[in-house]
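*Asks:* compute the structure for the input listed below.
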Amino acid sequence: MKVERMNTESINIDKIRADFPILGLQVSGKPLVYLDNAASSQMPQAVIDRIVRYQSQEHANIHRAVHYLSELATREFEAARVKVQHFLNAKESREIIFTRGTTEAINLVMHGYGRAFIGKGDEIILSGLEHHANIVPWQMLVQEKGAVLRVIPMNDAGELLIDEFEALFNEKTKFLALSHVSNALGTINPVKTMTACAHRHGVPVLLDGAQAAPHQSLDMQDLDCDFYAFSGHKMCGPTGIGVLYGKAQLLEKMQPYQGGGDMILSVTFEKTTYNVIPAKFEAGTPPIMAAIGLGAAIDYLNGIGLAKIEAYEKELLDYATARVTALPGVRIIGTASKKAAVLSFEIKGVHPHDVGTILNVDGIAIRTGHHCAQPVMQRFGVPATARASFAFYNTKQEIDKLVDGILKVQEMFS
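*Replies:* Residues are numbered from 1 along each chain as shown. Modelled structure (predicted):
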């Protein structure tokens, strides 16, 4: 098969790969081919260096002291918040809440908004594409309040059925929680259109952006969603840091998720007065190092350009889709017309865990399992899939190695 050359006019792949020290790793004597980016992306040297600089020259607790290090760390921490604000085009930096990740951000909204404004008989709309992190918190709320979950169905391509979505709304509908991009299939949902529909019914919207934030430009004022959540470790940043964007007027109405530390203005045994946003939702010592690292990751991604990243990753996905589709006995699961760089597949007669184990021998890292999206697996009648997910530092040559690995799997199980 003729191997097409990657269009490198918009992205310098050799320079970018040199920025990631882990890509030089050998696994079982073979060069690492890292195709598990939907689970966690790798970290460039610039982000590693920024974290080391903080730990070695700037580390102190923040918002609590007047000494040099505390003031420096506070300044850098809050500068990271402003970087996130600009990255999302949020109106104000106070609309940016630092969390431990997407999961905590969703739970924060469930506790702070859901428990206050959703009651018995009220309905919450989710989609059949959701990650468990955007299902389980709402199930907890339903069990506590006596509310009801309604689920948007999908077609055989993994696309949500918009007509059926619109029909779910009624006077009992109180919330929509929806993934921007499916982690299991890569489907890009029409979230702007769906948000506008929800707002016509007076329903607030939370978007799980964990799989969108690393791969495309985001504009909260254009999307007009009420809440948006994402994680740092999926976008070249450290683990233990995430973001909840929320419209200020909603955040101000919400109850705090946790108590203690800087989320208070005053405490007596009779009464506690809560701090203003964003401090109201950042109890205890925040993930200072991780937030500063996330800021460095945003700088790095902006330096390349999200539009260039999105275009390059689409080219990778198109190439991988064409190559894998041509393999007999291999089925791609999730064939939406609009997808992010995720390729889920099954090999006839081979369990996905066996696929991942054999590929690992050749240094190829993919994810196998239900991807914390068991309802998706049930919809397609499979226990699990093998999932290759691409980032802007991957190459067509690595996809060729993946295809060679699939052929090797088939040969071993023939």
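
*Asks:* tell me the secondary structure at L178.
*Replies:* Under DSSP: H, G, I helix; E, B strand; the rest coil, L178 falls in the strand class.

*Asks:* need the contact list for it.
*Replies:* Counting by C-beta atoms under 8 Å, 6 or more residues apart in numbering, L178 touches 125-127, 130, 134, 152, 189, 191, 194, 205-208. Every residue, glycine included, has its C-beta placed from N, CA and C.

*Asks:* could you check how far it is from S56?
*Replies:* Going from L178 to S56 by C-beta to C-beta, to the nearest Å gives 42 Å.

*Asks:* where along the stretch 101-250 of the chain do the strands fall?
*Replies:* Secondary structure of the stretch 101-250 of the chain (DSSP state E, counting those that start in this stretch): strands at 123-127, 148-152, 173-179, 205-208, 227-231, 242-246.

*Asks:* against which helices or strands is the first one packed?
*Replies:* In other words, strand 123-127. helix 136-145, strand 148-152, strand 173-179 (3 or more C-beta pairs under 8 Å, 6 or more residues apart in numbering; DSSP states H and E).

*Asks:* looking at the protein, which residue lies furthest from center?
*Replies:* For the chain, the residue at maximal distance from the C-alpha centroid (C-alpha atoms, centre = their mean) is E270, at 40.8 Å.

*Asks:* which of the three states applies to that one?
*Replies:* Look at E270: counting by three-state DSSP, its state is coil.

*Asks:* tell me the most buried of the helices and strands packed on strand 123-127?
*Replies:* Highest mean neighbour count among these (mean count of other C-beta atoms under 10 Å): strand 173-179, with a mean of 24.

*Asks:* who touches the residue farthest from the centre of the chain in this structure?
*Replies:* Contacts of E270 by C-beta under 8 Å, 6+ apart: none found.

*Asks:* one step back: looking at the strands of the stretch 101-250 of the chain, which is nearest to Y319?
*Replies:* strand 173-179 (24.9 Å; C-beta to C-beta).

*Asks:* next, the angle from that closest one to strand 123-127.
*Replies:* Here the directions of strand 173-179 and strand 123-127 differ by 20 degrees (axes from the mean of the first three to the mean of the last three C-alpha atoms, to 10 degrees).

*Asks:* from the contacts of L178, pick the one nearest V276.
*Replies:* The nearest member of the contacts of L178 to V276, counting by C-beta to C-beta, is L206 at 21.8 Å.

*Asks:* okay, the residue farthest from the centre of the chain: pLDDT?
*Replies:* With respect to pLDDT, E270 has a value of 90.

*Asks:* how about the strands of the stretch 301-414 of the chain, start to end?
*Replies:* With DSSP E, counting those that start in this stretch as the criterion, the stretch 301-414 of the chain has strands at 330-332, 342-347, 364-365, 367-369, 385-389.

*Asks:* and the ones you listed, which is most packed in?
*Replies:* Note that of these, strand 385-389 is the most buried (mean count of other C-beta under 10 Å), with a mean of 27.

*Asks:* what sits against E130?
*Replies:* A177, L178, S179, D208, A373, P375.

*Asks:* so what's the third one bridging to?
*Replies:* It refers to S179. D208 (DSSP bridges).

*Asks:* how close does it get to G261?
*Replies:* Computed as C-beta to C-beta, the S179 to G261 distance reads 31 Å.

*Asks:* try the fifth one
*Replies:* Relative to G261, A373 is positioned 34 Å away (C-beta to C-beta).

*Asks:* so the two - more neighbours on which side?
*Replies:* Just comparing A373 and G261: by other C-beta atoms under 10 Å the higher neighbour count belongs to A373, 25 against 16.

*Asks:* and that one, its phi and psi?
*Replies:* Per-residue torsions, A373: phi -150, psi 60 (degrees, to the nearest 10).

*Asks:* for I62, same thing?
*Replies:* Taking degrees, to the nearest 10 as the convention, I62 sits at phi -120, psi 160.

*Asks:* next: E159.
*Replies:* According to degrees, to the nearest 10, E159 has phi -110, psi 140.

*Asks:* L149 versus that one, what's the distance?
*Replies:* From E159 across to L149, the span is 21 Å (C-beta to C-beta).

*Asks:* check contacts around I332.
*Replies:* With contact taken as C-beta under 8 Å, 6+ apart, I332 is in contact with T321, V324, T325, L343, S344, F345.

*Asks:* same thing but 6 Å
*Replies:* Residues in contact with I332 (C-beta atoms under 6 Å, 6 or more residues apart in numbering) are F345.

*Asks:* so what sits opposite the residue nearest to T272 when sequence neighbours are not counted in the bridge?
*Replies:* Sequence neighbours aside, I264 is the residue nearest to T272 in space, at 5.7 Å (criterion: C-beta to C-beta, 6 or more residues apart in numbering). Beta-bridge partners for I264, by DSSP bridges, are Y274.

*Asks:* near I264, how many other residues are there?
*Replies:* Residues contacting I264 under the criterion other C-beta under 10 Å number 16.

*Asks:* identify the residues contacting V342.
*Replies:* A38, G186, S389.

*Asks:* what sits against the last one?
*Replies:* Spelled out, it's S389. Applying C-beta under 6 Å, 6+ apart, the residues near S389 are N37, A38, V342.

*Asks:* now with 10 Å, please.
*Replies:* Contacts for S389 (C-beta atoms under 10 Å, 6 or more residues apart in numbering) come out as 34-39, 41, 183, 186, 211, 215, 234, 313, 317, 340-344, 366-367, 371.

*Asks:* what do you get for the first one?
*Replies:* Listed by C-beta under 10 Å, 6+ apart, the contact partners of A38 are 181-184, 186, 210-211, 214-215, 234, 340-344, 366-367, 371, 387-391.

*Asks:* same thing but 8 Å
*Replies:* Residues near A38 by C-beta under 8 Å, 6+ apart: N183, Q211, K234, V342, R367, H371, R387, S389.

*Asks:* which of the residues you listed has the weakest pLDDT?
*Replies:* Out of those, that is H371, at 93.

*Asks:* show the pLDDT at the closest residue to L316 other than its chain neighbours.
*Replies:* Take L316 and drop its neighbours on the chain: the residue closest to it by C-beta to C-beta, 6+ apart is F390, 4.6 Å away. With respect to pLDDT, F390 has a value of 98.

*Asks:* list the contacts of T335.
*Replies:* T335 touches A157, G158, counting by C-beta under 8 Å, 6+ apart.
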